[in-house]
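[1] Mind folding the following:
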Amino acid sequence: MLDHATIIQLVAKYHNLTVEELMARKKTEPIVMARHKAVWLIRQFLNLTLSDIAKIFNRHHATILNSIEVINALYKYDTKITNDINVLSSYIAALKPQNLNIKEYSETKMKVTNLILIAGPISNDNDWANKFNLLKIFYTSLYRKYNVMTPLDTDALAYTLYGNTVGKNEYESIFLSLLCLAHTLVLTPDWESSEFVKIEYKIAQLLNKKIIFDDSIYKDNDEWQPKFDVPKSIDEK
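    Below you'll find the predicted structure:
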């Protein structure tokens with residue numbers, strides 16, 4: 001369930017704080033900034049008034065308004081604030097009821113359990129489908145008790161759920177919902193060239209997912225080639 005307590009817990013964990021530390025009246029800059037982010041996100045994602053949020057944080061509504069204005073101002077030019085808000089917003093969006101339904105659909109209708117989710121950029125790569133097909137073959141043969149999904153599978157799921165109305169937001173929500181379900185996130189060698197994949201990596205860290213930085217394929221003459229002699233291990237949780 002997406003509520004203010006969930007958002008506060010998420011922001012606290014993201015900043016290695018306890019909920020009590022985030023909610024306290026401490027003036028330490030990292031804690032104050034984390035609290036600003038929590039206020040901003042609650043205002044963004046929940047249908048709450050400034051007075052409602054003020055009651056949650058036991059603050060005056062003018063203090064709540066100040067927190068929102070601080071984040072609005074910093075988001076325009078502070079890259080760390082921008083990244084933090086983008087990562088947290090992406091994860092919170094995945095917790096919306098309609099996106100939790102995607103997770104339930106994946107588990108019940110598609111029987112997706114023990115999921116290995118492979119992520120990497122698809123823009124500016126004409127051979128991206130081959131890249132992910134090679135990786136799916138590799139991991140499926142290596143870990144037979146796991147389901148393996150790539151952006152190709154996410155595309156198929158998106159069209160199953162949304163039809164021709166599927167867009168970037170729907171696609172990203174599905175992928176993040178699957179990430180919540182996944183046992184392991186596999187990142188392709190070129191993963192850092194994608195801003196969205198970097199968000200996926202941060203969220204996987206936040207969720208304590210197993211992360212593999214894959215080197216079982218390589219680019220040769222603009223085509224992806226397999227290296228099938230690379231050992232892999234996935235620790236059981």
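
[2] per-residue confidence at residue 59?
    Note on residue 59: pLDDT of 92.

[3] swap that for residue 132, please
    91.

[4] Check the one 10 residues further on too.
    The score at residue 142 is 83. That number is its pLDDT.

[5] That one: how many residues sit nearby?
    Look at residue 142: counted by other C-beta atoms under 10 Å, it has 17 neighbours. (Each C-beta comes from the backbone N, C-alpha and C, glycine too.)

[6] cool, the one 5 residues further on as well?
    Other residues within reach of residue 147 by the criterion other C-beta under 10 Å amount to 20.

[7] Backbone torsions only: list them for it.
    Torsion angles at residue 147 (phi, psi; degrees, to the nearest 10) stand at phi -80, psi 140.

[8] Wait, it touches residue 118, no?
    No: in this structure residue 147 lies outside contact range of residue 118 using C-beta atoms under 8 Å: 11.2 Å.

[9] After the helix or strand containing residue 54, which helix or strand is next? Please name it.
    Using DSSP states H and E, residue 54 maps to helix 50-57. Sequence-wise, the next helix or strand downstream of helix 50-57 (DSSP H and E) is helix 61-74.

[10] so residue 48 sits in a strand?
    No: with DSSP: H, G, I helix; E, B strand; the rest coil as the criterion, residue 48 is located in coil rather than a strand.

[11] mind checking which helix or strand of this protein has the lowest mean pLDDT?
    helix 97-108 (a mean of 54; mean pLDDT, DSSP states H and E).

[12] how does the chain divide into domains?
    According to automatic domain parsing, the chain comprises the domains 4-95, 98-226.

[13] hey, least reliable of these by pLDDT?
    domain 98-226 - the lowest mean pLDDT of the domains of the chain, at a mean of 80.

[14] Near the spatially closest residue to residue 70 that is not a sequence neighbour, how many other residues are there?
    Residue nearest to residue 70 in three dimensions, not counting chain neighbours: residue 36, with 5.1 Å by C-beta to C-beta, 6 or more residues apart in numbering. Neighbour count for residue 36, taken as other C-beta under 10 Å: 20.

[15] same thing with residue 16?
    Residues lying near residue 16 (other C-beta under 10 Å) number 9.

[16] Just to be sure, it is in a strand?
    No: looking at residue 16 with three-state DSSP, it is coil, so not inside a strand.

[17] any idea how far residue 206 is from it?
    Counting by C-beta to C-beta, to the nearest Å, the gap from residue 16 to residue 206 is 11 Å.

[18] now swap in residue 73 and tell me
    From residue 73 to residue 206 the distance is 25 Å (C-beta to C-beta).

[19] Between these two, point out the one with more neighbours.
    More crowded of residue 73 and residue 206, by other C-beta under 10 Å: residue 206, with 14 against 11.

[20] check contacts around the nearest residue to that one once chain neighbours are set aside.
    Excluding its sequence neighbours, the residue lying closest to residue 206 (C-beta to C-beta, 6+ apart) is residue 14, at 6.1 Å. Applying C-beta atoms under 8 Å, 6 or more residues apart in numbering, we find residue 14 in contact with 34, 84, 87, 88, 206.
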